[in-house]
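A.B. asks: okay, predicted coordinates and the sequence, questions at the end:
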Amino acid sequence: MLTTASRFHCQSTLIAGVVVIERRPIHDQRGFFERVFCANELTEFTHGKPIVQINHTFTKQCGAIRGLHFQYPPAAEIKFVTCVRGELFDVAVDIRADSPTFLQWHGEHLTADNYKMLVIPEGFAHGFQALSDDCELLYMNTAYYTPELESGFNPTDKAFEIRWPQTITDLSPRDAVHAPLDSQFLGI
Ligand SMILES: Cc1cn([C@H]2C[C@H](O)[C@@H](COP(=O)(O)OP(=O)(O)O[C@H]3O[C@@H](C)C(=O)[C@@H](O)[C@H]3O)O2)c(=O)[nH]c1=O
């Protein structure tokens, strides 16, 4: 018999704190049931903080990028990111001041069918590239959207050298005009 503890399979990455969680849906003749999130089972990743906002984005064009975005403390957030339609390449960039992997990034393919979710801790910039048209992303945050504490980087910033899988086809004006990362930037 399956126990609730087996509903999530968690795999760490080369960047401490960035974790890939694979959900294990329960299938039957109707389809499946899955827990997308469970505070009890995932408390080691939320550090006991509640999810306060659940966001949903629809991205029309394959190749479009959203991000890279982050919020400064005290609005720094943990994000649980999953794809519910299409496929995408999700990226977490380490901008923690004291981190041995400062400015390194982890990328993960998330699809509507692979049941994967990326845990992005506080102190990371986040972005993704749609790898299909009509791509939908769901993400759960431990902090409220706080525009006055929000900032970002251009996803093509040379400081990160992110290997986006596709040519960029769309980028918001705001994301396109970020100045290159200042060498004085010491993280958050
Ligand atoms: C993120 C956010 C935006 N908004 C508003 C602001 C704006 O009018 C509109 C679209 O906002 P943006 O252009 O910032 O949307 P978008 O570029 O999709 O921003 C998102 O990108 C990904 C990569 C993230 O990690 C998210 O945290 C968030 O920053 O929605 C909210 O009202 N609440 C929110 O939580």
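C.D. replies: Ah, there it is.

A.B. asks: which residues does F45 contact?
C.D. replies: By CB atoms under 8 Å, 6 or more residues apart in numbering, the residues touching F45 are C10, V19, I21, I78, F80, V119, P121. Heads up, the C-betas are built off the backbone N, CA and C, glycines and all.

A.B. asks: please name the nearest non-neighbouring residue to the fifth one.
C.D. replies: Yep, that's F80 we're talking about. If you skip the residues right next to it in sequence, F80 has M140 as its closest partner in space, 4.4 Å away by CB to CB, 6 or more residues apart in numbering.

A.B. asks: centre of the chain to the helix or strand hosting the one you found, how far?
C.D. replies: Secondary structure from DSSP states H and E places M140 in strand 135-141. Put simply, strand 135-141 sits 8 Å off its chain's centre (CA atoms, centre = their mean, to the nearest Å).

A.B. asks: can you tell if the helix or strand following that strand touches the ligand?
C.D. replies: Counting by DSSP H and E, the element after strand 135-141 in chain order, helix or strand, is strand 150-152. No: on the criterion CB under 6 Å from any ligand atom, strand 150-152 is out of touch with the ligand, staying 6.7 Å away.

A.B. asks: what pairs with the residue nearest to F80 across the strands?
C.D. replies: Judged by DSSP bridges, the bridge partners of M140 are I54, F80.

A.B. asks: any idea how many residues pack against it?
C.D. replies: The local packing of M140 (other CB atoms under 10 Å) involves 20 other residues.

A.B. asks: so how far is L42 from it?
C.D. replies: To L42, M140 is 10 Å away according to CB to CB, to the nearest Å.

A.B. asks: give the residues shared as contacts by those two.
C.D. replies: Counting by CB under 8 Å, 6+ apart, the residues touching both M140 and L42 are F80.

A.B. asks: contact partners for V91?
C.D. replies: G67, L68, W105, H106, G107, E108, H126, G127, F128, Q129, P155, I162.

A.B. asks: perfect, I'm done here.
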